[in-house]
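S.K.: just to be clear, the model below is a prediction. Sequence and coordinates:
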Amino acid sequence: MLGNKRKALSMSIAFVLSANCTFYFGTTANAVTVNGQNNGKYQDNIKAANGITEMIDTSVGLDTLKVQNANYVDGDINIISSTSITKEKIKQWAKKYGATDTFISLADLYWKYSKDHGNVNPAIAYVQAAKETGYGRFGGVLDESYHNPCGLKNTSGGDDTDPNAHHRFKTWDEGVQAHLDHLALYAGAKGYPRQNTLDPRHFSTIAGVAKTVSALGGKWAPNPKYGIEVLEMYDRINGTSITNTNSSSNNTINTVKEGWLSKDGHWYYINNDGSKATGWLSNGGHWYYLDSNGIMQTGWLLDQGNKYYLEQNGAMKIGWLSYNNQWYYLNSNGSMATNTVVDGWKIDSNGIATPEIIDPSKNGWIRENNNWYYFNNGNKTTGWQSIGRYWYYMNSNGVMETGWLLDQGNKYYLNYNGQMTIGWLFIDNNWYYFQSNGAMATNTVVDGWSIDNNGIATPKKVEQPKSGWIKDNDKWYYYNENGSKTTGWQFVGGAWYYMNSDGIMQTGWQSIDGYWYYMNSNGAMQTGWITDNNQRYYLYSNGSMARDTVIDGWTIATNGVATLEKPSVKNGWVKENNNLYYYNEQGVKTTGWQSIDGYWYYMNSDGIMQTGWLVDGGIKYYLNSNGQMTRGWLFIGSNWYYFRSNGSMVTNDTVDGWNIDENGVATKNQKLIVVDAGHNHGGDDGAYSNINGVRYSERDLNMQVAVKLQTELLNKGYKVAMTRQPWDMLYEDSKTSLQRRADLANNLNADLFISLHHDSGTPSAHGTTSYYSSYKIPLDPTGNGYHWGKDPHGYEWYDVMLPDVKTEAGTKSERFAQNVINSLSRGTGLFNRGFHDRSLSVTAKTKMPSVLIELGFITNSEEAIECSDSGDQSKKAKIIANEVQNMF
């Protein structure tokens, strides 16, 4: 059981193991120097071992063998320490192992900044950077453009395989300083955590958790042996070169050989410095675990929340294990698998595996634990599957894959629905071509494009689809997010526009569907009073021209021209004393039901046009603010109602899956989403910015995205309620406005509340953020079920209300906030600022799952342009709607 021996340094003392594992200790000189004493009496104790004659020191036990020199403590190295290694020497070491020129030059920065960043040992930091970056060659999801020497992630964290989860520094100076600060925080350096740091994950919770290099192998590391691997790399530079700032021992023993030792029925591993190894040990191609006394362990081991199994020879088990008539599976890192399926066996929370029971009733697509599976006669499918018109790929656990896929040497791309892509596709600022079998093309020419070994095509002959306003031959067109030219009415940037059948934006007077409208020179539909060719006209709120009526004392003729002369005979609509009347052709004031220009109106016995609720003949009707009889669905007060084609309100019936009671109130059977366009026109009107002469209003941008999100959700079959409409001019103070929004959602008993906002800050501030509240005030009427604490996702500069007992609504809010912000960041390229628990009014006072989303910074010149772009808004709305669909 002898392990690999590292070459000993200054071999004045050595020990070896004989064939029967007897421990020998001796010198090549006449005596052994231990703790400063010359023990010449051991000269006579000589015995041959493996052909080597050495001195036996029977008085030296294992505890004595611990190296106490100034370089190591128990064979480990303190992160806060000085070093005799020079940057010139470490550059030579890096070059020896094939480091890039860029990485070699980083040594200058580590030695430059280490003193001002916690006195971190620069050699240790540089060695760790070599391990993380492959000596600057990278090869994972990162490359040199990240200027990230140690794989630091963003504040919100994320998956190791997600490039957007990792922080992108502007320069190598920033990346190195952030790395040093991160190590200093781990080691508990004086003054840490520090206020001004470039470290994106500078959390007080990790202060002092890893003072030595081996301790870097904690649960946050890729594997429990991570710190040991860094030490082994360091040892290759020049052996013992560390000055331990915490060591006070003056006892020294020269370096000795390393290997396994059997004593008193236990196995130990002795390091080359004479100390007993503890913790995880890599030796002879296997991993072993030695407890705090250095004793090699066997059987089950619990380490940092993970269970491992060590065989009788101490080697860590990997793969299937039969133990006490039960089957277990040990992952490739040795940890016991739980709550998963492996090779068709279902593994429970205790790690016990049983053959997965096949439910023959399961067929087709089924979603479980936020993953999609495809079942065939009760069996989960794996590998490539042709379903409908598309190909999908299920991994070994049956989970549908999305994004990039490497299979049998070919790369494929599966869209967010899991469908295999064919043809041209624009991904992360590059064009790729996928052949008819889905495989990415490489080293070829397609459609005149040269495609390299990585599949990237140049030049960019295939342009991105047109979107937004496009001017062509002095004509304006509007393209939707799919690149299609629009026709008919289009709501863009808070105004209505009309495109003819050729897609050309119209201006001036336009006759559309029997009504006249007026578009200004920019194409925007006008409302209210206008003057054209010295004639005065009135346009209703829907843009249609008024005719044959009286408005504000002006008599409007059939051709729409308004005059101040009163007609000799009253005819049509007449406004008198703030009431509207309708006179027939004989000048007689009408009463009762009247059909006028395609709409039904009701005039009471005095001839006054009615609005609101109306009971006639025992039947209820609803007349809108223009007096027109309502048909179909209508949201009134805090309830939904349905009106038949004759205008009568439905009672005691079911319409579109909604149950309608005797009062006409409809109870939903489908999910109701409340969309909140943040802020209003008065006491809570949001942020503004002026950039290059353009004024950006958060309030208006919020509404533009909200309208698009409403459309996306309606198209997916959801009921949608808006906290304010595009035509609403609300001037409430902030407190009243926020409470009204929460009350609306609570009274509707909505299933989800989404509040849309845009951020403001410094010109360089950028990215998208989501907020939720784990504590829900309406669900805790006593107000005693919470305590003050910190956001668990990194924002620690404010206190939040945390529930004593988690609620389903709070948990779902957190999950949705995480999913939607990750999808927005991936789908738009916006920097991911994470999801955070914060006691905001609209998220804490709503009893259903709720989230507030910041969609970008209007104080950032680039993001402000994107935030105001209709195509960009539509993309964000579509992403949010997709996450709503995923949630339900």
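M.R.: That came in fine, so what should we check first? Residues are numbered from 1 along each chain as shown.

S.K.: so which bits of the lengthiest helix in the chain are buried?
M.R.: Within the chain, and with DSSP state H defining each element, the longest helix by residue count is helix 808-828. Taking 16 or more other CB atoms under 10 Å as the neighbour-count basis, helix 808-828 is seen to contain the buried residues 809-810, 812-826, 828. C-betas here are computed from N, CA, C, even on glycine.

S.K.: so Ser874 sits in a strand?
M.R.: No - looking at Ser874 with DSSP: H, G, I helix; E, B strand; the rest coil, it is helix, so not inside a strand.

S.K.: isn't it up against Lys708?
M.R.: Yes - proximity of Ser874 to Lys708 meets the contact threshold set by CB atoms under 8 Å, at 5.2 Å.

S.K.: residue ranges of the strands in the stretch 1-150 of the chain, please?
M.R.: Taking DSSP state E, counting those that start in this stretch as the criterion, the stretch 1-150 of the chain contains strands spanning 14-17, 23-26, 32-34, 37-39, 46-49, 52-55, 81-83.

S.K.: Val341: what's it in contact with?
M.R.: Ile347, Glu356, Lys380, Asn397, Gly398 (CB atoms under 8 Å, 6 or more residues apart in numbering).

S.K.: give me that answer again for 10 Å
M.R.: When the contact criterion is CB atoms under 10 Å, 6 or more residues apart in numbering, the partners of Val341 are Tyr329, Ile347, Ala353, Glu356, Lys380, Ser396, Asn397, Gly398, Val399.

S.K.: make a ChimeraX selection of the buried ones in those residues.
M.R.: The ChimeraX selection below is limited to those of these classed as buried (16+ other CB under 10 Å):
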select :329,347,353,356,380,398,399
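
S.K.: just flag the most distant two among the contacts of Val341.
M.R.: Spanning the widest gap among the contacts of Val341 are Ala353 and Val399, at 18.3 Å by CB to CB.

S.K.: please, where are all the helices along the stretch 701-850 of the chain?
M.R.: With DSSP state H, counting those that start in this stretch as the criterion, the stretch 701-850 of the chain has helices at 734-748, 808-828, 841-844.

S.K.: and the longest one, what does it pack onto?
M.R.: Looking back up the chat, that one is helix 808-828. In terms of contact count using 3 or more CB pairs under 10 Å, 6 or more residues apart in numbering; DSSP states H and E, helix 808-828 is assigned the packing partners strand 752-759, strand 768-772, strand 799-803, strand 832-837, helix 841-844, strand 850-857, helix 870-887.

S.K.: and the ones you listed as CSV, adding mean pLDDT, mean neighbour count and distance to Ile691?
M.R.: Compiled in CSV, the helices and strands packed on helix 808-828 are given as follows (pLDDT from 0 to 100; neighbours: other CB atoms under 10 Å; distance: least, CB to CB, whole Å):
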stretch, mean pLDDT, mean neighbour count, distance to Ile691
strand 752-759, 97, 26, 13
strand 768-772, 96, 26, 19
strand 799-803, 89, 18, 33
strand 832-837, 94, 24, 21
helix 841-844, 93, 23, 28
strand 850-857, 97, 26, 11
helix 870-887, 94, 20, 16
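
S.K.: of the ones you listed, which is nearest Thr736?
M.R.: Proximity to Thr736, assessed across the helices and strands packed on helix 808-828 by CB to CB, is greatest for helix 841-844 (11.0 Å).

S.K.: who touches the closest one?
M.R.: Outside of helix 841-844, the residues within contact range by CB under 10 Å, 6+ apart are 674, 676, 678, 723, 734-735, 737-739, 741-742, 745, 753-755, 757, 770-778, 786, 800-801, 810, 813, 817, 837-838, 849-852.

S.K.: just to revisit the earlier point, restricted to helices, list the contacts of Val341.
M.R.: If you go by DSSP H, those have nothing in helices.

S.K.: and of the contacts of Val341, the nearest to Lys91?
M.R.: Distances from the contacts of Val341 to Lys91 were compared by CB to CB; the smallest belongs to Ser396, at 43.9 Å.

S.K.: contacts only, for the nearest residue to Trp788 once chain neighbours are set aside.
M.R.: Closest residue to Trp788 in three dimensions, ignoring its sequence neighbours and counting by CB to CB, 6 or more residues apart in numbering: Asp799, at 4.7 Å. Asp799 is in contact with His787, Trp788, Gly789, Lys790, Asp791, Arg838, Ser839, counting by CB under 10 Å, 6+ apart.

S.K.: these two touch, right, the fifth one and Met801?
M.R.: The reference is to Asp791. No - proximity of Asp791 to Met801 does not meet the contact threshold set by CB atoms under 10 Å, at 11.0 Å.

S.K.: joint contacts of those two?
M.R.: Counting by CB under 10 Å, 6+ apart, the residues touching both Asp791 and Met801 are Ser774, Asp837, Arg838, Ser839.

S.K.: so who does the first one touch?
M.R.: Listed by CB under 10 Å, 6+ apart, the contact partners of Ser774 are 786, 789, 791-792, 800-803, 806-807, 809-811, 813-814, 837-839, 843-844.

S.K.: give me that answer again for 7 Å
M.R.: Contacts for Ser774 were tallied using CB atoms under 7 Å, 6 or more residues apart in numbering; they are Leu802, Pro803, Lys806, Gly810, Glu814, Asp837.

S.K.: the fourth one reaches Leu779, doesn't it?
M.R.: No - using CB atoms under 7 Å, Gly810 is not in contact with Leu779, being 8.2 Å away.

S.K.: show me what stretch 102-113 is in contact with.
M.R.: The list of residues contacting stretch 102-113 from outside it, by CB under 7 Å, 6+ apart, reads 87, 90-91, 94-95, 122, 125-126, 129, 133, 135-136, 144, 149, 172-173, 176-177, 180.

S.K.: I misspoke; the intended subject was stretch 152-169.
M.R.: Applying CB under 7 Å, 6+ apart, the contact partners of stretch 152-169 are 141-142, 146-148, 151, 175, 178-179, 182, 199-201, 793-794, 825-826, 832, 834-835.

S.K.: return the set of buried residues in it.
M.R.: Quick answer for stretch 152-169 (16+ other CB under 10 Å): 152-158, 162, 164-169.

S.K.: ends of stretch 294-311, what's the gap?
M.R.: Start-to-end span of stretch 294-311 (CA to CA, to the nearest Å) is 17 Å.

S.K.: mind listing what's buried along it?
M.R.: Of the residues in stretch 294-311, Gly294, Ile295, Met296, Gln297, Thr298, Leu301, Lys307, Tyr308, Tyr309, Leu310 count as buried by neighbour count, 16+ other CB under 10 Å.

S.K.: next: stretch 575-583.
M.R.: Within stretch 575-583, the residues that count as buried by 16+ other CB under 10 Å are Leu580, Tyr581, Tyr582, Tyr583.

S.K.: stretch 430-437 too?
M.R.: Of the residues in stretch 430-437, those with enough neighbours to count as buried (16+ other CB under 10 Å) are Trp431, Tyr432, Tyr433, Phe434.

S.K.: tell me what the first one is bridged to.
M.R.: I take that to be Trp431. Note on Trp431: beta-bridge partners by DSSP bridges are Phe426, Ala457.

S.K.: the nearest residue to Ser638 once chain neighbours are set aside: neighbouring residues, count only.
M.R.: Excluding the flanking residues, the one nearest Ser638 by CB to CB, 6+ apart is Asn747, at 4.1 Å. Here the count is done by other CB atoms under 10 Å, and Asn747 has 11 residues near it.

S.K.: before we move on, what about Met499?
M.R.: Neighbouring residues of Met499 were enumerated by other CB under 10 Å; the total is 19.

S.K.: pull the contacting residues for it.
M.R.: Counting by CB under 7 Å, 6+ apart, Met499 touches Tyr478, Thr486, Thr487, Gly488, Gln490, Met505.

S.K.: cool, thanks, talk later.
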